[in-house]
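**Q** Here is the input, now give the coordinates:
(one chain, ligands or ions: 1)
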Amino acid sequence: MPNAFTAVFFLALAATAATRLWLASRQIAHVRRHRERVPDAFADRIGLAAHRKAADYTEAKQRLGRVETIVDGLLLLALTLGGGLAFLVHLTGGIAAGPLWQDVALFAALGLVGGVASLPFSWYSTFVVEERFGFNRMTPALWLADLAKGVAVTILLGAPLLLLALWLMRTAGDAWWLWVWGAWMAFQLLVLVLYPTVIAPLFNRFEPLPAGSARERIESLLARCGFSSAGLFVMDGSRRSGHGNAYFTGLGRAKRVVFFDTLLSRLEGDELEAVLAHELGHFKLKHIAKRIAWSAALSLAFLALLAWLADRPWFYEGLGIPGALLPDALSRPGVALALFSLALPVFTFVLGPLAARYSRAHEFEADAFAARIAGAPPLVRALVKLYEDNAATLTPDPMHSAFYDSHPPAAVRVARLAALAAHPSPAADPNFRHYQFKD
Ligand SMILES: [Zn+2]
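**A** Model prediction:
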C-alpha cells in the first residue's frame, strides 16, 4: 500500500531529476552564450575553432545526459512504485535454493536490468558522441571485450562481498550492520590495492616512464617527495580514446601515478614535472586517506540507517512491496538492501555539491603543492593543453560546476595558479607545513 513515505520518495525523485535536467539546460545555455569568444585568460593560447569545438562537445554530452536522466528516473519508478522489484522478489522467492541464493538471484536480476538500461548510453556515447568529435579509437570488438571483462570483474569481486554481507545480515544478530561495515571497509582497501596492480592491467598496458630529457628532474622530484619511481607509469590510453589525463591511485606499495600516453606526448619536460608534482601532492597531502575516512563515516551512517529501516514495514510498502509479499520481504535481508540501494541516491543527490566542493579543495591544495615544487607557469601550460586536447569547456555554468565538478573550473584554477606565481610566500599557503621534506 502506498503511504506517506511513497510521497516523500516520489517528491525526492522528481526533485532530483528536475534539478539534473535544469542544471544540464543551464550548462548548455551558458556554454552556447560564450561560444563565440575565447575568455581573455586563454585568448593567446586557445584558438576560436578549438573553443567552439569544446562548446559543441559539452552540449552533445549534456543532451545525452538529459535523456539518461529521464530513462534512469522512469526505470527507478518502474522498479519501485511500479512494482518491478516486487515482481523480482516474487520471482526469485520461487527459486528452489536457500534464501541466501534467492537474494543473490535478486541482485543478479537487478544488475541485469540496470546494465541493459545503461548499455545503449555507453554505446552511443562512444560510437556517436566521442566519434563525432574525433576522440573515439575503440572498435565495437574492443567495446564488447571491455564489457565482458567489466562484468567478469564485477562478479568476481562483487559476488563474494554480496554473499558475505547477506550472510552477516542473517546471522550476525542486531549488530550485523557493524560487521557489514567492517567487511565493506576491508573490501574497499582490497580494491585500492587490486585496482592498480590487477584490475587496471586487465584493460590497459602499463609501462615505466621512458627515459627522456626530464628524467633527472623527475627522479629528483620523486626522491624529494619520498615516492618510489617504481610507482610511475605510462598507460596506453590511446588504444581507446584521444583524451589525455594523469591520475593517482593505490595504497601502500601499490601506490601509482599514471600518465596517459596521449598526454605524455604533448608535454614538455617542465610541464610533465609540474603535472607529476600535482599528483604527488595528492599523496603527500594524504588525500586518499582523507577520502577513505569520509567514506568510512558515511557508509557507517548509511548502514545504521539501513538496519533501522529494514525492520519497518512502511519502508517496504512505501517503495512498492505489496502487503501480501511483506512477510517474505521482511525475512529476506536482500530485499531491504536492494530497496535501500535503489532509493538512497535520490536522497543523497543534494550532498553532491558538498562532495564536489571537497574534491575541488583537494585539487587546489595539490595545485599549490605543485606550484611550490615545480612552479606554477609550467602547470598552467600543461592544464591549457589538457583543456584544449580534451575539448573541456573553459566557460562552464557556475551552478552546474558547483554541483558536479570534481576539478575547479578552468578560469578559477588558472587564476589561482597565476596568483601563487605572483606571490609565492609560504605564509599565504595553508598547507606550507606539509612541504617540509625530510631531506
Ligand atoms: Zn588532482
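
**Q** all helices of the stretch 201-350 of the chain, in order?
**A** Secondary structure of the stretch 201-350 of the chain (DSSP state H, counting those that start in this stretch): helices located at 215-225, 261-264, 269-284, 287-309, 313-318, 326-330, 333-348.

**Q** So what touches the fifth one?
**A** Applying C-beta atoms under 8 Å, 6 or more residues apart in numbering, the set of residues contacting helix 313-318 from outside is 1-6, 8-9, 309, 323, 326, 329-330, 335-336, 339. C-beta: built from backbone N, CA, C; applies to glycine.

**Q** neighbours around G182, how many?
**A** For G182, the count of nearby residues is 12 (other C-beta atoms under 10 Å).

**Q** Report pLDDT for it.
**A** pLDDT, G182: 98.

**Q** The lowest-mean-pLDDT helix or strand in the chain packs against which elements?
**A** Counting by mean pLDDT, DSSP states H and E, the weakest-scoring helix or strand in the chain turns out to be helix 215-225, with a mean of 83. Packed against helix 215-225 by the contact rule (3 or more C-beta pairs under 8 Å, 6 or more residues apart in numbering; DSSP states H and E) you find helix 269-284, helix 352-374.

**Q** Same question for that helix: list its buried residues.
**A** By 16 or more other C-beta atoms under 10 Å, the buried positions in helix 215-225 come out as I218, L221, L222, R224, C225.

**Q** okay if I get the residues you listed as CSV plus distance to the ion?
**A** Putting the buried residues of helix 215-225 into CSV (distance: C-beta to the ion, whole Å) gives the following:
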residue, distance to the ion
I218, 18
L221, 16
L222, 17
R224, 19
C225, 15
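
**Q** how about G82, what does it touch?
**A** G320.

**Q** can you count the residues close to W308?
**A** Using other C-beta under 10 Å, W308 is surrounded by 11 other residues.

**Q** The one 10 residues further on too?
**A** For G318, the tally of surrounding residues (other C-beta under 10 Å) stands at 24.

**Q** same deal with A165?
**A** 23.

**Q** Look at the nearest residue to it once chain neighbours are set aside and say how many residues are nearby.
**A** Nearest residue to A165, sequence neighbours excluded (C-beta to C-beta, 6 or more residues apart in numbering): V180, at 5.0 Å. Applying other C-beta under 10 Å, we find 25 residues neighbouring V180.

**Q** what angle sits between whatever helix or strand V180 lives in and helix 333-348?
**A** Using DSSP states H and E, V180 falls within helix 176-194. With axes from the mean of the first three to the mean of the last three C-alpha atoms, to 10 degrees as the basis, helix 176-194 and helix 333-348 are set at 70 degrees to each other.

**Q** Off-centre distance for helix 176-194?
**A** For helix 176-194, the separation from the chain centroid amounts to 18 Å (computed by C-alpha atoms, centre = their mean, to the nearest Å).

**Q** any idea which of the helices of the stretch 201-350 of the chain is most buried?
**A** helix 269-284 (a mean of 23; mean count of other C-beta atoms under 10 Å).

**Q** From the contact counts, what lies against that one?
**A** On the basis of 3+ C-beta pairs under 8 Å, 6+ apart, helix 269-284 makes packing contacts with helix 215-225, strand 246-249, strand 256-260, helix 352-374, helix 376-389.

**Q** so of these, which one's packed in deepest?
**A** The highest mean neighbour count among those, using mean count of other C-beta under 10 Å, belongs to strand 256-260: a mean of 22.

**Q** List the contacts of that strand.
**A** Counting by C-beta under 8 Å, 6+ apart, 196, 200, 206, 209, 227, 231-235, 237-238, 243-250, 272, 275-276, 279-280 sit against strand 256-260.

**Q** Look at F107 and give its secondary structure.
**A** helix (DSSP: H, G, I helix; E, B strand; the rest coil).

**Q** now H243: how far from the ion?
**A** H243 is 16 Å from the ion, where distance means C-beta to the ion, to the nearest Å.

**Q** how far away is that residue from D146?
**A** For H243, the distance to D146 (C-beta to C-beta, to the nearest Å) stands at 15 Å.

**Q** in this structure, what spans have low per-residue confidence?
**A** 213, 424-439 (pLDDT under 70).

**Q** what does it put close to the ion?
**A** E363, A366 (C-beta under 5 Å from the ion).

**Q** which one in the chain is furthest away from the centre?
**A** A324 (39.1 Å; C-alpha atoms, centre = their mean).

**Q** Would you mind listing the residues in contact with that one?
**A** Listed by C-beta under 8 Å, 6+ apart, A324 has no contact partners.

**Q** quick one: contacts for the residue of the stretch 101-250 of the chain found nearest the ion?
**A** Nearest residue of the stretch 101-250 of the chain to the ion (C-beta to the ion) works out as F248 at 7.4 Å. The neighbourhood of F248, defined by C-beta under 8 Å, 6+ apart, consists of K255, R256, V257, V258, E279, L280, H282, F283, I288.

**Q** Tell me the spacing between it and L309.
**A** 36 Å.

**Q** what's the angle from the least confident helix or strand of the chain to helix 269-284?
**A** 20 degrees.

**Q** what's in contact with helix 215-225?
**A** In contact with helix 215-225 (C-beta under 8 Å, 6+ apart) are residues 209, 228-229, 232, 269-270, 272-273, 276-277, 280, 283-284, 373-374, 437, 439.

**Q** before we move on, back to that, so for H243 and D146, which sits in the more crowded spot?
**A** Taking other C-beta under 10 Å, H243 and D146 do not tie; H243 has more neighbours (19 against 16).

**Q** who touches that one in this structure?
**A** By C-beta under 8 Å, 6+ apart, the contact set of H243 is F135, G237, F260, T262, D389, N390.
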